[in-house]
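Got a predicted structure plus its sequence, pasted below:
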Amino acid sequence: MNRFLVGAVALALGAVSAAAQSLDDLNIQIHGYATQGFLYTTQNNVFSTNSSNGSPAWDEAVMNVTAQPTDKLRIGVQARYFLLGTFGNSITLDWAAGDYKFNDKFGVRFGKVKTPMGLLNETQDIDPSYIWSLLPQNVYDILSRNSFLAHYGGVVYGSVKAPNSPVKIEYRLFGGQIIESSTDPNIELGQQSSGIALPNGWTGPMWGATLQVKPTPGLLIGASDQVFVTNWTAVATHGSEAGTNGTPPSQNYYYFAKYEKNKYMVAGEYFRQPYSYWYNFPTDPALDSTGRLDQRAWYAMASYKLTDKLTVGAYDTQAFDHQQAFGPSRYNKDWTFSGRYDFNQFLYAKAEQHFIDGAFVDYDTSMNPNGVKPSTKLTILKMGVSF
C-alpha cells in the first residue's frame, strides 16, 4: 500500500514536471496550526492522562503543503504531530493526494485521501475551523482519528443542480483500504482492555458513499454508508499464543443535517455501527472468543457568534451499545458547553466544560486502578496558533 501511495504522488508530481512551470505558477501554499491543551477531570482519568490532577499532556501540530499546477489539478500532503497522555508522540501522515476535477459534475482524488463520511469527518483535522475543543466523542472519537480520517484509495465526487431551482445535490463515492498501525491509540487502548495484542495493527478493504442535498442556501441534509472488512493477527498478551481475528463485512451509517445563517449554526447527526468479531487461537482453543457491538449514537449542537472575536456553543451527545447489559457500561452521555475567542487571525483560545455520565467509552484502566466511576466532569482549556 505504501507503494501505491508513492505511485499516486509520483503520478501527480509527474504531471507537475510535464507542465514545465515555475514555482510561482504552481500556486504553492503552506498552512498549519499548533495547539496546547489542558485537561482536568473531577473523577476518571481520560485519554491516558493524569487529568484528575490536571494534565497539560495534549499537544498537536499540523502542517500541509498544496500546489495547483493547472486549473483542474491540485496535489498536497499533510503531516501531524500528536501527543495525548501516553498516546502518540510521533509524526504521522494525515493525507497525501492528487485531485483532478474535470468539471463540477465529476472529479477524482487518489492517494491517501480523506474519507468523506458523516458531517464532520473531513474537517476534524482542522482545529482552527470550529469552536469545539473536542468534537462529539460518541461519533468522532479523538482516539480513532488516525484510522477514520483517511484511507488509501480514491474518491469520485461531483455535484448537480436542478434546473430553475436552488436545489443542489453533491455525491461522494469512495473505496480502498484502511491501515491502522499497532501504535494507533485506538488499538493500544483496545489491547489493554481485551488482553489481545495486535502487533501488526489491522487492515482491510472499505468502500462507501455519501449523498448531500442542499435545498436552500445554508441548509444541508445528508447520509453516508460505509462498508468495511478488517483482518489481523492476534497474540494473547499473557502468553505467546498466536491467532487470527476478523470481521464479516460491517457497516457504518450516518444521517446528518446542518443549517447556517448569519451568526447561527445548528447541526445534528445520527450514527449506527453494528459490528461482529472473532478470535481464533489454533494452539489454545480456550482463548477463542466472539463478540458483537451495536453502537447507536447521536449529537445535536448549536453555536452563536456573539462578537467578531467571541463564539459560544453547546452540544448534547449520547451513545448506547444495545448488546451490553443494562448499567453504566451500556451508555455514554455528554453535555458540553464551549467558548472560543479569536485574538487575531492567527491566535485563538478555547474553553470547554463536559458533563459526562456512563462508562461506554474506552477508559485507560491502568490510569484508573480503582475502577471507572459512572460519571465525571471534564474541563478543557486550549490555545492555538494557525498560519
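Ah, there it is. Numbers count the residues shown, from 1 in each chain.

Quick one: residues contacting the most centrally placed residue in the chain.
In the chain, the centroid-proximal residue (CA atoms, centre = their mean) is Arg145; its distance is 3.5 Å. Shown in contact with Arg145 (CB atoms under 8 Å, 6 or more residues apart in numbering): 124-125. From N, CA and C alone the C-beta is placed, and that goes for glycine too.

which SSE is it in?
helix 145-149 (DSSP states H and E).

Within its sheet, name the partner strands of the helix or strand following that helix and how each one runs.
Using DSSP H and E, the helix or strand that follows helix 145-149 in sequence is strand 150-161. According to DSSP bridges, strand 150-161 forms sheet pairs with strand 106-114 (antiparallel), strand 168-180 (antiparallel).

just for the stretch 1-150 of the chain, where's the confidence low?
The stretch 1-150 of the chain contains residues with pLDDT under 70 at 1-24.

Quick one: end-to-end length of stretch 366-380, please.
Using CA to CA, to the nearest Å, one end of stretch 366-380 lies 22 Å from the other.

To clarify, my last question referred to stretch 79-96.
Note: stretch 79-96 ends 9 Å apart using CA to CA.

quick one: contacts of it?
In contact with stretch 79-96 (CB under 8 Å, 6+ apart) are residues 5, 8-9, 47-50, 55, 57-64, 76-78, 111-114, 125, 142-143, 146, 149-150, 183, 185, 188-189, 364, 367.

Stretch 356-370 too?
44-50, 85-86, 137, 143, 186, 189-190, 192-193, 319-321, 324, 328-334, 372-378.

and if we set it to 6 Å?
44-45, 48, 189, 319, 321, 328-329, 331-334, 372, 375-376 (CB atoms under 6 Å, 6 or more residues apart in numbering).

Any of those buried? List them.
Among the contacts of stretch 356-370, those buried by neighbour count (16 or more other CB atoms under 10 Å) are 44-45, 48, 189, 319, 321, 331-334, 372, 376.

Which of the residues you listed fall within strands?
Those of these mapping onto strands are 319, 321, 331-334, 376, per DSSP state E.

which two in those residues are spaced the farthest apart?
Asp321 and Thr376 (18.9 Å; CB to CB).

What ranges does the stretch 1-150 of the chain have for its helices?
2-19, 145-149 (DSSP state H, counting those that start in this stretch).

quick one: the strands in the stretch 1-150 of the chain?
Secondary structure of the stretch 1-150 of the chain (DSSP state E, counting those that start in this stretch): strands located at 29-41, 55-67, 73-84, 87-103, 106-114, 150-161.

So which of these has the densest surroundings on average?
strand 106-114 (a mean of 21; mean count of other CB atoms under 10 Å).

Need the contact partners of it.
With CB under 6 Å, 6+ apart, strand 106-114 has contacts from 5, 8-9, 95-101, 122, 150, 152, 154-158.

Swap in 7 Å and give it another go.
5, 8-9, 93, 95-101, 122, 149-158 (CB atoms under 7 Å, 6 or more residues apart in numbering).

contacting residues for Tyr226?
No, residue 226 isn't Tyr; it's Gln. Gln226 touches 117, 206, 208, 251-252, counting by CB under 7 Å, 6+ apart.

just Gln177 next, same as before
Per CB under 7 Å, 6+ apart, neighbours of Gln177: 1, 151-153, 203-206.

Which strand residues bridge the closest residue to it other than its chain neighbours?
Sequence neighbours aside, Tyr152 is the residue nearest to Gln177 in space, at 4.9 Å (criterion: CB to CB, 6 or more residues apart in numbering). With DSSP bridges as the criterion, Tyr152 is bridged to Lys112, Gln177.

the strands in the stretch 151-300 of the chain, which residues?
Using DSSP E, counting those that start in this stretch, strands in the stretch 151-300 of the chain cover 168-180, 196-197, 202-214, 219-228, 231-236, 242-246, 250-261, 264-280, 289-305.

Out of the ones you listed, which is closest to Gly384?
Of all those, strand 289-305 comes closest under CB to CB, at 16.8 Å.

Excluding its own residues, what touches that closest one? List them.
With contact meaning CB under 7 Å, 6+ apart, strand 289-305 is reached by 131, 136, 138-139, 263-279, 311-323.

filter those residues to the buried ones?
Counted by 16+ other CB under 10 Å, these give 131, 136, 138-139, 265, 267-271, 273, 275, 278-279, 311-321 as buried.

Pull up the pairing partners for the strand or helix carrying His354, direction included.
Assessed by DSSP H and E, His354 sits inside strand 347-358. Next to strand 347-358 in the sheet, as set by DSSP bridges, lie strand 331-342 (antiparallel), strand 375-386 (antiparallel).

Reformat the strands of the stretch 1-150 of the chain as CSV; add distance to Asn344.
CSV is the format used below for the strands of the stretch 1-150 of the chain (distance: least, CB to CB, whole Å):
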stretch, distance to Asn344
strand 29-41, 14
strand 55-67, 19
strand 73-84, 24
strand 87-103, 26
strand 106-114, 28
strand 150-161, 31
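
which stretch among those comes nearest Gly218?
strand 150-161 (15.9 Å).

what angle do that closest one and strand 87-103 make?
30 degrees (axes from the mean of the first three to the mean of the last three CA atoms, to 10 degrees).

All set now, cheers.
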